[in-house]
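Engineer: Next input, structure requested:
(one chain, ligands or ions: 4)
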Amino acid sequence: MNNAALAQVFANIGDLLEIKGENKFKIIAYRRAAETLREHNREVRVVWQEGGLRAIPGVGAAIADKIDELLTTGRLGFYERLKEEIPPGLIEVMAVPDLGPKKAALFWKELDITSVPALEAAARAGKLRALPGMGEKSEAKILAGIESLARRATGRRPLGQAWSLAQDMLAFLRGLAGVEQAEAAGSLRRYRATIGDLDFLAAANAPGPIMDAFCAHPSVARVLGHGPTKSSVEFANGLQADLRVLPQARFGTLLQYFTGSKDHNVKLRELALKQGLSLSEHALTRADGSEILCATEAEVYAQLGLDYIPPELREDRGEIEAAAKHALPRLVELGDLRSDLHAHTTWSDGALSIHAMALAAQARGRVCLAITDHSQSLGVTGGLTPERLREQRLEINREHKRLGGGFTLLQGAEVEIRADGRLDYADSDLAALDIVVASLHTSLRQPREQVTQRLLNAVNNPHVDIIGHPTGRLFPDREGADLALEAVLRAAAASGVALEINANPARLDLDDAPAYRALELGCLLAINTDAHAEANFDLAHFGVGIARRAWATPDQVINTWPLEKLRAWLASRGPGGAARLPVISGAPALKKTAAKKAAAKKSSSKKAAPKQVAAKKPVAKKAAPKRAAGKQRPRPA
Ligand code: DGT
Ligand code: CA
Ligand code: CA
Ligand code: ZN
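Structural biologist: Ligands and ions are numbered 1, 2, ... in the order given. Okay, here's the model as predicted:
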């Protein structure tokens, strides 16, 4: 069993327990284990053989025993018994968008529905609408959900699902005798949020043995084609992969060609033709048939008179024109990230203490972490009441001191944008926080106008600094809210709120296109991991990849800012922001200013309607975070 298969068992257990109505902490523990196993950067089987299961974060005794049983016997008694109790087909039923465990259990108990086809038949026959809490509308929604499920089944995989498989295979290829270089190309290298198939490339003089080894790899379920320089395989999870091998001297053109995108390649080939060169994966060929070999991609682009174009930009959105004019932006890089401004701890649904999360962020080179646990109305996550929030502040201040001067802990919250459009905390509570992330998690299926208005309320609330995962989409089975995104982006540009690119590959939200548009309109971005466990901090590169696809430069991403700049920006926000005092540097977890608090007190008698707050918001002069670079960048085609 590979990591993905192991993870799936625990995810399924979580789902089955939820249908059963088990204790939520137990359910969270299994889901967390599933996530940890899926993201773990080593093969769990190998870790198990070394006897190191318990050292994997989030793997306690109960989970370790179950992994041991699975890897020893290929089965898990606990899981088998659970499947006898709860029909496993309900897991698929739950995968229908907007169908939770409660509905799945209801359909099962009332109508004996244990599969998606049975559910579809019942919906078409109009049998669901009579059940408690159901109606014609919800029945129609379920049919639409089943349809979108079918579309996805044939379609693309989330990047995160393909990533670890790709890394395993790359390590394997790089370890083969005769392989001088191996890379994963295609959409994965370009950091598209979803992946059609994997494309592996290797540099070697004798391709035969490499093809054989690739096709015989233990995670390969089926060989679709096995040729002299090209093979195609399918993995157990249905994902397919191609491998191509050419000598090292030709690796540059090979890598360029199979990184794509197709549109980028077509335009590049046209450019080559204008210069009398034909571009293929083998070489650049002159009219007389002589070849120019390129061992690196940089040589390919240089031969055509272009600056090197990073893979994330290769979508024919103006990057070739910009490269010709030496006007490509300096894209944000992983190493630019100084802070992570969205993370959870055991205070709500995270796996680790504040201290442990701070150390984990610090170990990855961050100098600042915002603790943003969930707010009170999100019951399943153990969201914090205002009282608990105030208690948490004491611990954050303590931990901040304990960490010494080199690392800053901020107290924030991921405040729920409730179904009624109000935020989940009173303004006075928000004002006491260093940073506020506002997110949608519930009622995502509200009509467009209503759900858009909720987001606008948050964007316009002067206490909100970041909109978390703005559309709320979740791979593989929850589409984002039906937002009037352009209106939201424009409002964000006006209010100065930053829009998150949530780096978790289950989200990648905003995605590249809306993030590009956001930057065009003058918005700021935040790249956050939304970490719930130590390993989640390693997901930051996914968010950076999406930001790079959006042509983001470091100054447009608030996480790259030096701490003083970030603090000044945070301080400049909020009611009366422009009037606030300078921040005292080196102070423990900063509090929002007295000015901000006073304004909050004035405006809020217990959760004032957000629209009123918005209307009162002064047109505060923002700390000029705005983009010069972005405005100069070439426009997309
Ligand atoms: P995917 O797999 O759908 O997520 O997207 P890609 O970009 O990985 O596409 P894929 O796997 O079909 O092909 C890999 C790259 O190979 C693609 O980005 C560009 C190149 N390529 C494939 N087909 C063509 C083609 O017909 N013409 C040109 N110029 N390039 C192609
Ligand atoms: Ca591909
Ligand atoms: Ca392919
Ligand atoms: Zn979160």
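Engineer: quick one: the helices in the stretch 501-637 of the chain?
Structural biologist: Per DSSP state H, counting those that start in this stretch, the stretch 501-637 of the chain carries helices over the ranges 512-520, 540-549, 563-572, 594-603, 610-616, 629-632.
Engineer: Kindly report the same for the stretch 301-450 of the chain.
Structural biologist: Counting by DSSP H, counting those that start in this stretch, the helices of the stretch 301-450 of the chain are 319-324, 354-363, 386-402, 427-431, 448-460.
Engineer: Out of the helices of the stretch 501-637 of the chain, point me to the one whose mean pLDDT is lowest.
Structural biologist: Mean pLDDT is lowest for helix 610-616 out of these, coming in at a mean of 35.
Engineer: Give me the residues contacting stretch 360-369.
Structural biologist: Stretch 360-369 is contacted by residues 335, 337-341, 343, 352, 357-358, 403, 406-410, 531, 534, 537-538, 540, 563, 566 when judged by CB atoms under 8 Å, 6 or more residues apart in numbering. Using the backbone N, CA and C atoms, a C-beta is placed for each residue, glycine as well.
Engineer: So which of those residues are in strands?
Structural biologist: Mapping those onto strands (DSSP state E) picks out 339, 340, 408, 409, 410.
Engineer: Now do the contacts for the second one.
Structural biologist: Okay, so that is residue 340. Contacts of residue 340 by CB under 8 Å, 6+ apart are 361, 366, 368, 369, 370, 528, 529, 531, 537, 540, 559.
Engineer: Looking at those, which is nearest residue 570?
Structural biologist: residue 370 (9.7 Å; CB to CB).
Engineer: Name the residue of the protein that lies nearest to ligand 2.
Structural biologist: residue 186 (3.2 Å; CB to the ion).
Engineer: how many neighbours does the nearest residue to residue 66 once chain neighbours are set aside have?
Structural biologist: Nearest in space to residue 66, with sequence neighbours left out and distances taken as CB to CB, 6 or more residues apart in numbering, is residue 76 at 5.7 Å. The number of residues packed near residue 76 is 21, by other CB atoms under 10 Å.
Engineer: tell me the contacts of residue 76?
Structural biologist: Counting by CB under 8 Å, 6+ apart, residue 76 makes contact with 9, 66, 69, 70.
Engineer: The helices of the stretch 301-450 of the chain: which one's closest to ligand 1?
Structural biologist: Nearest of those to ligand 1, taken as CB to the nearest ligand atom: helix 319-324 at 13.4 Å.
Engineer: Can that closest one be said to contact ligand 1?
Structural biologist: No - between helix 319-324 and ligand 1, judged by CB under 6 Å from any ligand atom, nothing touches; the nearest distance is 13.4 Å.
Engineer: Up against ligand 2, what does the chain have?
Structural biologist: When proximity is defined by CB under 5 Å from the ion, the chain lies next to ligand 2 at 186, 187, 196, 197, 199.
Engineer: Which one of these is nearest to residue 132?
Structural biologist: Taking CB to CB as the measure, residue 196 is the one of the residues of the chain next to ligand 2 closest to residue 132, at 41.8 Å.
Engineer: Could you count how many residues lie near the nearest residue to that closest one once chain neighbours are set aside?
Structural biologist: Spatial nearest neighbour of residue 196, chain neighbours left out: residue 156 (5.4 Å); criterion: CB to CB, 6+ apart. By other CB under 10 Å, 18 other residues sit near residue 156.
Engineer: which of the contacts of stretch 360-369 are buried?
Structural biologist: Buried residues within the contacts of stretch 360-369, counting neighbours by 16 or more other CB atoms under 10 Å: 337-341, 343, 352, 357-358, 403, 407-410, 531, 534, 537-538, 540, 563, 566.
Engineer: May I ask which helix or strand encompasses the residue of the stretch 151-300 of the chain found nearest ligand 4?
Structural biologist: Using CB to the ion, residue 160 is the residue of the stretch 151-300 of the chain that sits closest to ligand 4, at 16.1 Å. If you go by DSSP states H and E, residue 160 is part of helix 159-174.
Engineer: what does this structure have sitting close to ligand 1?
Structural biologist: Counting by CB under 6 Å from any ligand atom, the chain sits next to ligand 1 at 186-187, 192, 195-197, 199, 257-258, 260-262, 265-266.
Engineer: Residue 221 belongs to a strand, doesn't it?
Structural biologist: Yes - assigned with DSSP: H, G, I helix; E, B strand; the rest coil, residue 221 falls within a strand.
Engineer: measure it to residue 236 for me?
Structural biologist: 5 Å (CB to CB, to the nearest Å).
Engineer: More neighbours: which of the two?
Structural biologist: Higher neighbour count among residue 221 and residue 236: residue 236, with 15 against 12, using other CB under 10 Å.
Engineer: Contacts only, for that one.
Structural biologist: 2, 4, 5, 219, 221.
Engineer: What backbone torsions are found at it?
Structural biologist: Dihedral pair for residue 236: phi -60, psi -30, per degrees, to the nearest 10.
Engineer: Next one, pLDDT for the residue nearest to the residue of the stretch 151-300 of the chain closest to ligand 4 when sequence neighbours are not counted please.
Structural biologist: Among residues not flanking residue 160 along the chain, residue 505 sits closest, at 2.4 Å (CB to CB, 6+ apart). With respect to pLDDT, residue 505 scores 96.
Engineer: Equivalent analysis for residue 403, please.
Structural biologist: 93.
Engineer: my read: it touches residue 356, true?
Structural biologist: No - applying CB atoms under 8 Å as the test, residue 403 and residue 356 come out as separate, 11.6 Å apart.
Engineer: Check which helices and strands the strand or helix carrying residue 268 is in contact with.
Structural biologist: Here residue 268 sits within helix 262-274, counting by DSSP H and E. Applying 3 or more CB pairs under 8 Å, 6 or more residues apart in numbering; DSSP states H and E, one finds that helix 262-274 makes contact with helix 251-259, strand 277-279, helix 319-324.
Engineer: near ligand 3 at all, it?
Structural biologist: No - counting by CB under 5 Å from the ion, no contacts exist between helix 262-274 and ligand 3, the nearest distance being 10.6 Å.
Engineer: In stretch 283-290, which residues are buried?
Structural biologist: 283, 284, 285.
Engineer: which residue does the stretch 451-600 of the chain bring closest to ligand 4?
Structural biologist: residue 530 (4.2 Å).
Engineer: Would you write a ChimeraX line that selects the buried entries of the contacts of residue 236?
Structural biologist: Selection command for ChimeraX covering only the buried members of the contacts of residue 236, criterion 16+ other CB under 10 Å:
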select :2,4,219
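Engineer: Which pair in the contacts of residue 236 has the greatest spatial separation?
Structural biologist: Largest separation among the contacts of residue 236 by CB to CB: 4 and 221, giving 12.2 Å.
Engineer: quick revisit: now, the residues of the chain next to ligand 2 that are in helices?
Structural biologist: Applying DSSP state H to the residues of the chain next to ligand 2, the entries found in helices are 186, 187.
Engineer: Save the residues of the chain next to ligand 2 as TSV, and put in distance to residue 498, neighbour count and pLDDT too.
Structural biologist: What follows is those, written out as TSV (distance: CB to CB, whole Å; neighbours: other CB atoms under 10 Å; pLDDT from 0 to 100):
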residue	distance to residue 498	neighbour count	pLDDT
186	31	23	98
187	27	22	98
196	32	15	95
197	35	16	96
199	34	24	98
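Engineer: quick one: which of the residues of the chain next to ligand 2 is nearest to residue 453?
Structural biologist: Distances from residue 453 to those, taken by CB to CB, are shortest for residue 187, at 35.0 Å.
Engineer: For ligand 3, see how far away that closest one is.
Structural biologist: 9 Å (CB to the ion, to the nearest Å).
Engineer: just checking, that residue touches residue 193?
Structural biologist: No - between residue 187 and residue 193 no contact is recorded; they are 9.2 Å apart, counting by CB under 8 Å.
Engineer: Nearest to residue 427, out of the ones in strands among the contacts of stretch 360-369: which one, please.
Structural biologist: Checking those against residue 427 by CB to CB gives residue 410 as the nearest, at 18.7 Å.
Engineer: which residues touch the closest one?
Structural biologist: Contacts of residue 410 by CB under 8 Å, 6+ apart are 341, 368, 369, 370, 371, 396, 434, 435, 589, 590.
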